[in-house]
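K.L.:
Okay, predicted coordinates and the sequence, questions at the end:
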Amino acid sequence: MPLTYDLHLHSCLSPCGDNAMTPANIAGFARLNGIGLISLTDHNSAENLPYIQKACAAYGVKLLPGIEMNTAEEIHLLCYLPTVEAALCLSREIYALLPEIPCDEAVFGEQIVMDEEDHELRRVDKLLVSACGMGLEEAAARCAELGGVAVPAHVDRESYSILSVLGIMPEAPAFSAVEVHDPARLPPLIASGRLPQGYEILTSSDAHYLEDISAAPRALGEGSCLQRLIRGL
C-alpha cells in the first residue's frame, strides 16, 4: 500500500504555530486523517522532535525528522534527516548562527518545547524565524553530510521561496525534489521556464493549525528521493 504523507508541519515551537500544535495532537490528527508518514519541520529548530517521535510511536505513525531552515538568503529549505539525533545536530548548528534577536512573544508568538504528554518543558529564547548565517549551498551540503535530503520549500510562493528570491532554480546546489504548496500553480511555473521539468514534486500542508493537517494526504512514490531515509525509520 502506498505510504501517505504530510511532510511539512509546524508545532508550538514555531512562533507562528498554534499552541494546540503539540507533539501528541499532531501525531493523533495524523492518525485520524490516515497519514502514514509525517515530518515535523519547525523553523530553524528540531527541539520538539524527540517528543513527537514518542507520540508518533504511540499512534503508529512514521516520523521523518525535519527542520525548515531559513537560509542566509531568506530561502526556506526543508531539511529531512535520517535520525532525530542528526536533526538535533543540525539544529544546534543553526541556533548558533541565528542573530541575537529575542522572541517577543507579544509580537511573534510563543516558542514552546513540549513533551509527548503535552507538558511544557521550556521556551526558546532566540527568534527562530530569523535568517540564519548559513547560505543555501552550505545548508544543502551540510544536510547531505548528515545523511539527509534538502528540498526547497513552497517554491510556488512569492516569499521565502527559492524562486521568489533567486528567480530560477540554480545549477548549484542540485536538488532532486521541490515542494509545491498549491499544485495548480505548477503548470505556469514550468511553462515560464522558472521551474524546469524533472524534479520530484512534493505537496504538503505547511500546517500551523491542527485543522490544516492534510485531510486528503498524497501518496509517496516508490521512486521518491526520500525512500532511502524512510526505509531506515
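P.N.:
It's in.

K.L.:
Pro170 and Gly135, how far apart?
P.N.:
As for Pro170, its distance to Gly135 is 11 Å (criterion: CB to CB, to the nearest Å). C-beta coordinates here come from the backbone N, C-alpha and C atoms, glycine included.

K.L.:
Kindly report the same for Asn25.
P.N.:
As defined by CB to CB, Asn25 lies at a distance of 35 Å from Gly135.

K.L.:
Comparing these two, which shows the higher neighbour count?
P.N.:
The neighbour comparison of Asn25 against Gly135 (other CB atoms under 10 Å) goes to Asn25, with 20 against 15.

K.L.:
The more buried one - nearest residue in space that isn't next to it in sequence?
P.N.:
Nearest non-adjacent residue to Asn25, counting by CB to CB, 6 or more residues apart in numbering: Leu210, 5.9 Å away.

K.L.:
show me what contacts the one you found?
P.N.:
With contacts defined as CB atoms under 8 Å, 6 or more residues apart in numbering, the neighbours of Leu210 are 18, 20-21, 25-26, 29.

K.L.:
Can you tell me which of the residues you listed is closest to Ala86?
P.N.:
Proximity of the contacts of Leu210 to Ala86, judged by CB to CB, is greatest for Ile26, which lies at 20.5 Å.

K.L.:
OK, contacts around Leu229?
P.N.:
Contacts were defined as CB under 8 Å, 6+ apart; by that measure Leu229 touches 64, 80-82, 147-149.

K.L.:
Please convert the residues you listed to JSON lines, extending it with distance to His8 and pLDDT.
P.N.:
Supplementary listing: those in JSON lines, determined by distance: CB to CB, whole Å; pLDDT from 0 to 100:
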{"residue": "Leu64", "distance to His8": "11", "pLDDT": "98"}
{"residue": "Tyr80", "distance to His8": "10", "pLDDT": "99"}
{"residue": "Leu81", "distance to His8": "14", "pLDDT": "98"}
{"residue": "Pro82", "distance to His8": "18", "pLDDT": "98"}
{"residue": "Gly147", "distance to His8": "20", "pLDDT": "98"}
{"residue": "Gly148", "distance to His8": "15", "pLDDT": "98"}
{"residue": "Val149", "distance to His8": "14", "pLDDT": "98"}
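
K.L.:
what ranges do the helices span in the chain?
P.N.:
Ranges of helices in the chain, per DSSP state H, are 23-32, 49-59, 84-97, 105-108, 136-145, 162-166, 186-192, 227-231.

K.L.:
Report the central residue of this structure.
P.N.:
Most central residue of the chain, judged by C-alpha distance to the mean C-alpha position with CA atoms, centre = their mean, is Thr41 at 3.0 Å.

K.L.:
roughly how far apart are it and Val165?
P.N.:
The gap separating Thr41 from Val165 is 19 Å, by CB to CB.

K.L.:
Equivalent analysis for Ala131, please.
P.N.:
In this structure, Ala131 and Val165 are 11 Å apart, going by CB to CB.
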